[in-house]
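# Structure for this input, please:
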Amino acid sequence: LEMIRELFDLPGSSVQEVISDARDKEGKNAEESERFGKKCMEDGDYLGAIDHFRSALEQSPKDKHEALVNLGAAFESAGEAPQAYKQFKKALVLKESSDIYQGISSIQAQSGRKADALKSLRDAIEAEPYNAYGFFKLAEALRKMGYRKRAYEAMNSAISLAADDQFYHFWTGDLLVEMRQFEDAVESFHAALELSPGDDHLYLLLGVAFYGAGKQQEAIRSIRLAGDLHAEGRLAFGLLKCLYEHMGKGEEAKQEEERASEMDPYESDRLVRLKKILQLTEADLS
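As a prediction, this is how the structure comes out:
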């Protein structure tokens with residue numbers, strides 16, 4: 001609290017007052033305008049952020065490149081793609097960076113320029129070849145376009161640079177499940193769990209991978225553990241019911257029926273996706 005008060009030169013103000021006032025204030029200099037702009041971005045007030053970042057540029061910021069990137073990001077968040085593109089291009093003249101190319105790629109993808117979007121992401125990697133996030137963004141784009149194998153190759157590069165990032169292992173495992181490469185998915189989820197033990201979502205997906213790989217007992221144990229770790233959730237029990245039915249174990253399936261019936265709409269939608277991945281058709285479950 002004291003640090004935030006000092007930062008905004010408001011010794012008697014609360015943090016909430018600082019936050020609620022961010023849009024209406026005027027920065028005394030570029031640095032303060034940038035701080036107000038970032039606060040507006042955090043609050044989802046993108047028009048307010050645009051105003052502050054514009055002011056920062058007019059106040060001769062120390063890093064004009066960063067100021068242009070900030071303004072471009074605010075325009076993009078506000079849905080003003082042409083203006084965002086313009087600011088990113090201006091920033092690119094000053095200095096190449098992975099962030100700029102990623103911003104340009106996002107705008108190109110929104111306008112349907114998929115080939116250009118991929119090229120910009122590759123330019124991002126060339127600008128910062130040791131930035132794992134650049135490889136992840138490329139993988140994410142390739143996956144959306146249906147190029148799963150190429151997405152997997154890009155993620156291997158990301159993981160080689162950031163092997164201690166749990167999310168990258170999880171994302172790769174989820175992609176492998178989608179590709180029905182279940183044995184490899186098991187390895188990815190195990191790697192993620194080593195970095196984030198006790199994550200119920202990871203145990204659930206590990207169970208899916210186990211089942212797809214033909215390891216039914218391991219799957220049941222993993223999914224049941226997911227249910228134990230997330231006591232208020234019901235997806236694990238819905239999945240257990242489906243798997244028991246698929247295995248021809250009606251009595252066990254019946255034991256899961258009551259808790260499975262309490263799934264919320266979001267959990268029901270997720271269950272449909274998992275059933276499709278494991279090819280558990282309604283005919284299989286009848």
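
# CA atoms for contacts and neighbours, from now on please.
Fine.

# which residues in the stretch 1-150 of the chain form helices?
For the stretch 1-150 of the chain, the helices defined by DSSP state H, counting those that start in this stretch occupy 2-7, 15-21, 30-43, 46-58, 64-77, 81-94, 98-110, 114-127, 132-144, 148-161.

# so which of the ones you listed comes closest to A260?
Put simply, out of the helices of the stretch 1-150 of the chain the one that sits nearest A260 is helix 132-144, at 31.1 Å, with distance taken as Cα to Cα.

# And that closest one, what's buried?
Under the neighbour-count criterion of 16 or more other Cα atoms under 10 Å, helix 132-144 has 132-143 buried.

# ok, the residues you listed vs I125, which is closest?
Distance to I125 across the buried residues of helix 132-144 (Cα to Cα) is lowest for G134, with 5.5 Å.

# show me what contacts the closest one?
With contacts defined as Cα atoms under 8 Å, 6 or more residues apart in numbering, the neighbours of G134 are 98, 102, 121, 124-125, 128, 158.

# Make a ChimeraX selection of the buried ones in those.
This is how ChimeraX selects the buried members of those, with burial counted by 16+ other Cα under 10 Å:
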select :98,102,121,124,125,128,158
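
# Name the nearest of the contacts of G134 relative to V208.
The shortest approach to V208 among these belongs to A158, at 24.1 Å (Cα to Cα).

# A127 reaches I100, doesn't it?
No: contact status for A127 versus I100: not in contact, 10.0 Å apart, counting by Cα atoms under 8 Å.

# give me the number of residues near D165?
The local packing count at D165 equals 16, with neighbours defined by other Cα atoms under 10 Å.

# tell me the contacts of it?
By Cα under 8 Å, 6+ apart, the neighbours of D165 are 159, 195.

# What separation do you get for it and G227?
From D165 over to G227 the distance is 25 Å, taken as Cα to Cα, to the nearest Å.

# now do Y85
46 Å.

# Distance to Q279 added to the helices of the stretch 1-150 of the chain, as CSV?
Compiled in CSV, these are given as follows (distance: least, Cα to Cα, whole Å):
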stretch, distance to Q279
helix 2-7, 53
helix 15-21, 49
helix 30-43, 41
helix 46-58, 43
helix 64-77, 38
helix 81-94, 40
helix 98-110, 31
helix 114-127, 31
helix 132-144, 21
helix 148-161, 19
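
# weakest of those helices in terms of mean pLDDT?
Averaged per stretch, pLDDT over those is lowest on helix 2-7, reaching a mean of 44.

# give the contact list for H230.
With contact set as Cα under 8 Å, 6+ apart, H230 has these partners: D200.

# K215 - how many residues pack around it?
When counting by other Cα under 10 Å, one arrives at 14 neighbours for K215.

# Dihedrals phi and psi, it?
phi -100, psi 80 (degrees, to the nearest 10).

# How confident is the prediction for it, by pLDDT?
The score at K215 is 97. That number is its pLDDT.

# Return the distance of it relative to Q59.
Computed as Cα to Cα, the K215 to Q59 distance reads 63 Å.

# Repeat that for E26.
Taking Cα to Cα, one finds E26 at 11 Å from Q59.

# related to what we said a few turns ago, please identify which of the contacts of G134 is nearest to E267.
Within the contacts of G134, proximity to E267 (Cα to Cα) peaks at A158, which comes in at 30.2 Å.

# Can you tell me the closest non-neighbouring residue to the closest one?
With sequence-adjacent residues excluded and distances taken as Cα to Cα, 6 or more residues apart in numbering, A158 is closest to A132, at 4.4 Å.

# my guess is that neighbour contacts N156, does it?
No: taking contacts as Cα under 8 Å, A132 lies outside contact range of N156: 9.8 Å.

# G238 contacts Q255, correct?
No: proximity of G238 to Q255 does not meet the contact threshold set by Cα under 8 Å, at 10.9 Å.
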